[in-house]
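Asks: below are the sequence and a predicted model for it; my questions follow.
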Amino acid sequence: DGGITQSPKYLFRKEGQNVTLSCEQNLNHDAMYWYRQDPGQGLRLIYYSQIVNDFQKGDIAEGYSVSREKKESFPLTVTSAQKNPTAFYLCASSIDPFAAAGSNQPQHFGDGTRLSIL
Amino acid sequence: SQQGEEDPQALSIQEGENATMNCSYKTSINNLQWYRQNSGRGLVHLILIRSNEREKHSGRLRVTLDTSKKSSSLLITASRAADTASYFCATDPNTGNQFYFGTGTSLTVIP
C-alpha cells in the first residue's frame, strides 16, 4: 500500500546531541513537508521541499536541518541548537501543490515521531 | 502567525447529535481543507472546498465556506463515538508556498 512511513515512533535526545527523524513516501509525490505539533496546538511548518535537491524554510526552521537527495526521502535533523525540541513531529507529502495539475491537492501524513529530552 | 483559528477549542456531545466546528482565517485563499487527527496519530484529509464553492458534502460531513467573512464550518451529522478526534482546518493562501493549519477543535462523542 502507498503511504508515508516515519521512524522511529519515539525518540529521546540527550543534551548537545543531534538526532535525525526519518520520513519515506512511496506515493510518487514531489512535495514533502515537516511540521512540529506542540500539545494542544496546531501544526507549524519547519521545512518543505517541492523537488529533489531543493527545500525551503518554514516558519520555525531555526535549530533544524533537512536534505532531499531522493524523491522518496526527506529526513529531518533536530540539532543541538534547537533548545526546546520536545514535540510531536509530522511529515507529509503531496503532489506538487503549485503545479497547475496538482493544485487543490490534499496532504498525506505519516503517523509521527514523538521526540523527548533525556 | 497561523492563518486559521478553530472554534470551539473543545466540544463534547452525545452520540447521535450533530457537531459543528468553525474556522476563521486571515487572508485570501485558494482552498480550505479539513483534517482529522486521532490521538497520537497523523492527520487524515477529510474534505477540500475551493474558494469559488460555498458548500460541499461528503457522507456525514458538510462544509461551508464564506469568503466574505473569511470563515468555514464543518458539520458532522449523527455523530458516533468513533468520530472522537481533533479536527483542523488548513488554508492554502493564494500568496506564498505554505499551507497553514489552525489550532484545532477537540471533539469528544460520548456513547
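Replies: Looks like it arrived, so ask away.

Asks: which residues does the residue nearest to the spatial centre of chain A bridge with?
Replies: With distances taken as C-alpha atoms, centre = their mean, A:Trp34 lies nearest the centre of chain A, 2.4 Å away. On DSSP bridges, the residues paired with A:Trp34 through beta bridges are A:Tyr47, A:Cys91.

Asks: per-residue pLDDT, it?
Replies: pLDDT for A:Trp34: 97.

Asks: you'd agree A:Thr5 is up against A:Leu27?
Replies: No. No contact is recorded between A:Thr5 and A:Leu27 when judged using C-beta atoms under 8 Å, the distance being 10.9 Å. C-betas here are computed from N, CA, C, even on glycine.

Asks: residues touching B:Glu6, list them.
Replies: By C-beta atoms under 8 Å, 6 or more residues apart in numbering or on different chains, the contact list for B:Glu6 reads B:21-23, B:87-89, B:102-105.

Asks: give me that answer again for 7 Å
Replies: By C-beta atoms under 7 Å, 6 or more residues apart in numbering or on different chains, the contact set of B:Glu6 is B:21-23, B:88-89, B:102-105.

Asks: ok, of those residues, which one's closest to chain A?
Replies: B:Thr103 (4.4 Å; C-beta to the nearest C-beta).

Asks: is that closest one within a helix or a strand, and which one?
Replies: Under DSSP states H and E, no helix or strand contains B:Thr103.

Asks: can you pull up the bridge partners for B:Ser106?
Replies: In this entry, B:Ser106 is beta-bridged to B:Ala10, B:Ser86, by DSSP bridges.
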